[in-house]
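Novice: 3D, please:
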Amino acid sequence: MIKIIFISLFFLKEIKSLLFWLYLWQLKNYHIGRFLAHFDTYKGKRLLINYFLRVLLLILSLYNFYFFYVIAFLYLIEIIYSKIIYPQKTSKTLFLSIILILILPVFLFFIYNFDLQSLFSLIVLFDILTPIMVSFVVLFLQPITVLLRNRIINKAIKKRKSLDNLLTIGITGSYGKSTTKEYLKIILSNSFNVITTPQNKNSEMGISKCILDDVNENHEIFICEMGAYNRGGIKLLSKIAQPKIGVITGINNQHLATFGSQKNIVKTKFELIEFLPLEGLAVLNWDNQYIKDNFKKYISSIKCGLDVWAKEIKDDSFKFCSLNNEEGEIIKIKNIKPYNISNLLICISLAKKLGMTMEEIKERVLLINDPLETSSYKNFDVINATYSSNFNGIISHLDYLKRWTGNKVIIMPCLIELGAEGKNTHYEIGRKIGEVCDLAIITTNDYKKELIAGAKYSGMENIVFTNKTDKIDLLTKNNSVILLESRIPKEMINKLKDE
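Specialist: Residues are numbered from 1 along each chain as shown. This is a model prediction of the structure:
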């Protein structure tokens with residue numbers, strides 16, 4: 001009876017564990033660098049502590065059988081109180097899940113007739129080795145995945161080459177890619193038959209499937225968002241999409257942990273420009289220092305669009321100026337935040353290059369709704385920037401928050417995959433929070449010291465680290481404006497909506 005109870009507890013607990021580790025691999029795009037970088041985070045370190053605790057309990061159990069009852073109790077607690085976290089349903093995750101879950105009954109059948117001590121020991125050992133086993137299965141089957149992926153990519157390349165009249169605009173950068181893509185789509189779509197990559201589908205598979213499933217011979221312009229986590233990534237995406245116009249929206253230290261160095265990030269973003277044909281056009285955000293400092297290394301015979309700028313910037317308009325139009329044009333930006341003007345300048349300059357008049361452009365700009373949503377409630381306002389997750393975005397959103405009146409609050413997690421730059425980046429975020437906010441709620445604990453030190457430097461000490469909803473009631477009764485930044489717990493968002 002004891003054997004059956006222990007096996008049952010293990011089976012239920014282990015299914016949760018297998019699905020979680022598969023979820024984590026999927027979350028990191030099956031990228032081993034991103035997967036390993038997770039263990040530098042607070043959550044990742046807690047996983048490691050839990051892992052070594054189980055190793056210790058196994059060792060103790062070998063000396064005293066009663067420790068197995070402690071382990072059984074922990075399994076029961078985990079089954080009752082921990083949520084089931086599972087990967088998004090895809091053919092790949094379904095296939096991997098079936099393989100991993102089928103291993104369980106085979107393993108239990110094999111050890112069922114062992115003596116109690118040996119059976120319990122092997123079960124706990126299996127539990128300890130679960131993350132290694134899941135990783136092994138994922139990586140072992142990776143060659144099959146790569147073959148299938150390459151087949152899809154090659155089909156996409158072949159189809160793209162057959163679309164002779166399609167103009168591809170490639171957009172890359174550490175931030176601002178999606179915003180620029182959406183702005184450009186709205187501006188161009190009345191004059192051209194435009195198609196874009198779907199939201200957040202900026203990898204080789206996302207782009208390839210978009211070309212195969214959505215792009216056709218009737219489309220005139222393909223706006224292709226491009227993201228990468230290592231050297232050569234943008235080069236591959238360029239080979240697939242064949243851009244004639246390349247846009248770099250900005251460069252920072254996003255995903256530094258997987259790139260290895262800032263130099264590699266810069267080189268990777270400029271792979272898009274290097275791929276362009278001789279008659280191609282490079283459009284760069286000249287407000288970005290990394291682009292300014294490096295563009296001469298990567299641009300030689302390709303024409304470079306560095307000829308537009310904005311002045312007289314207000315909340316509802318700015319003056320668009322170019323080398324060909326010294327007097328400038330007043331552009332209304334009623335639904336666009338001022339910090340997105342650099343993204344808009346890229347789109348306006350491209351629209352002009354493609355033959356649209358300024359009157360047509362100004363008319364289309366008025367149709368743009370900024371992705372930064374603002375909602376008003378009885379006693380508080382909410383600025384939703386949960387789509388954003390990078391340093392430049394946070395700083396820009398805090399600058400926007402500064403314009404508001406009332407009790408200013410930011411709710412955000414720490415940023416991830418910043419490598420050696422993480423501490424300095426979060427110190428600077430802390431300083432900016434201290435300048436703008438009355439209260440900060442940080443939902444993770446990765447850079448606690450740096451955020452507190454930065455906020456204190458700016459004279460602000462009201463910074464709380466929690467992912468619970470207990471502070472929400474206080475915020476919503478205090479004439480607050482609340483900035484939701486990056487990925488925060490759904491429970492907090494739902495709590496705000498319920499107030």
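Novice: Let me know the secondary structure of the spatially most central residue of the chain.
Specialist: Residue closest to the average C-alpha location in the chain (C-alpha atoms, centre = their mean): residue 389, at 6.1 Å. Secondary structure of residue 389, reduced to three states by DSSP: H, G, I helix; E, B strand; the rest coil: coil.
Novice: How many residues are close by the closest residue to it other than its chain neighbours?
Specialist: Here the nearest residue to residue 389 in space, its sequence neighbours aside, is residue 486; by C-beta to C-beta, 6 or more residues apart in numbering that works out to 4.3 Å. No exception for glycine: its C-beta is placed from N, CA and C like everyone else's. Around residue 486 sit 21 other residues, with neighbours defined as other C-beta atoms under 10 Å.
Novice: From what I see, the residue nearest to the centre of the chain and residue 417 are in contact.
Specialist: No - the pair formed by residue 389 and residue 417 falls short of the contact definition of C-beta atoms under 8 Å, at 9.9 Å.
Novice: For the stretch 251-400 of the chain, give me the ranges with low pLDDT.
Specialist: Under the criterion pLDDT under 70, the flagged ranges of the stretch 251-400 of the chain are 298-306, 324-327.
Novice: What are the boundaries of the strands in it?
Specialist: In the stretch 251-400 of the chain, the segments counted as strands under DSSP state E, counting those that start in this stretch are 281-284, 303-305, 308-311, 317-322, 325-332, 373-376, 380-385.
Novice: repeat for the stretch 51-200 of the chain
Specialist: In the stretch 51-200 of the chain, strands defined by DSSP E, counting those that start in this stretch lie at 167-172, 194-196, listed in chain order.
Novice: Need the residues that contact the first one.
Specialist: Meaning strand 167-172. When contacts are defined by C-beta atoms under 8 Å, 6 or more residues apart in numbering, strand 167-172 is touched by residues 160, 177, 180-181, 184, 220-228, 234, 237-238, 241-249, 269, 272, 350.
Novice: what about 6 Å?
Specialist: Contacting residues not belonging to strand 167-172 are listed as 177, 180-181, 221-226, 234, 241-248, 269, 272 [C-beta atoms under 6 Å, 6 or more residues apart in numbering].
Novice: Identify those among the residues you listed that sit within helices.
Specialist: Among the contacts of strand 167-172, the members falling in helices (DSSP state H) are 177, 180, 181, 234, 241, 269, 272.
Novice: With distance to residue 331 and neighbour count added, can I get these in a markdown table?
Specialist: Output for the ones in helices among the contacts of strand 167-172, formatted as a markdown table (distance: C-beta to C-beta, whole Å; neighbours: other C-beta atoms under 10 Å):
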| residue | distance to residue 331 | neighbour count |
| --- | --- | --- |
| 177 | 22 | 22 |
| 180 | 16 | 30 |
| 181 | 19 | 23 |
| 234 | 30 | 25 |
| 241 | 29 | 29 |
| 269 | 27 | 27 |
| 272 | 27 | 28 |
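Novice: nearest to residue 399, of the residues you listed?
Specialist: When these are compared for distance to residue 399 (C-beta to C-beta), residue 180 comes out closest, at 18.9 Å.
Novice: my guess is the closest one contacts residue 343, does it?
Specialist: Yes - if you go by C-beta atoms under 6 Å, residue 180 and residue 343 touch, sitting 4.4 Å apart.
Novice: one step back: from residue 17, how far out is the residue nearest to the centre of the chain?
Specialist: Relative to residue 17, residue 389 is positioned 27 Å away (criterion: C-beta to C-beta, to the nearest Å).
Novice: Centroid-wise, who is the farthest residue in this protein?
Specialist: Counting by C-alpha atoms, centre = their mean, residue 115 ends up farthest from the centre of the chain, with a distance of 48.6 Å.
Novice: That one and residue 463, how far apart?
Specialist: As defined by C-beta to C-beta, residue 115 lies at a distance of 55 Å from residue 463.
Novice: and what of residue 257?
Specialist: From residue 257 over to residue 463 the distance is 24 Å, taken as C-beta to C-beta.
Novice: gap between the two ends of stretch 61-75?
Specialist: Taking C-alpha to C-alpha, to the nearest Å, the span from the opening residue of stretch 61-75 to its closing residue is 15 Å.
Novice: what's in contact with that stretch?
Specialist: With contact meaning C-beta under 6 Å, 6+ apart, stretch 61-75 is reached by 6, 9, 13, 57, 60, 120, 124.
Novice: Enumerate the positions of it that are buried.
Specialist: Within stretch 61-75, the residues that count as buried by 16 or more other C-beta atoms under 10 Å are 61, 67, 68, 71, 72, 74, 75.
Novice: Any chance of the residues you listed in a markdown table with pLDDT and distance to residue 339 as columns?
Specialist: Compiled in a markdown table, the buried residues of stretch 61-75 are given as follows (pLDDT from 0 to 100; distance: C-beta to C-beta, whole Å):
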| residue | pLDDT | distance to residue 339 |
| --- | --- | --- |
| 61 | 86 | 57 |
| 67 | 82 | 57 |
| 68 | 84 | 58 |
| 71 | 87 | 53 |
| 72 | 87 | 55 |
| 74 | 88 | 48 |
| 75 | 88 | 50 |
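Novice: Closest one of those to residue 49?
Specialist: Closest approach to residue 49 among the buried residues of stretch 61-75 (C-beta to C-beta): residue 74, at 13.6 Å.
Novice: Return the residues in contact with residue 101.
Specialist: By C-beta under 6 Å, 6+ apart, residue 101 has no neighbours at all.
Novice: my bad, residue 244
Specialist: When contacts are counted by C-beta under 6 Å, 6+ apart, residue 244 is found next to 167, 280.
Novice: again, but for residue 465
Specialist: Counting by C-beta under 6 Å, 6+ apart, residue 465 touches 442, 445, 448.
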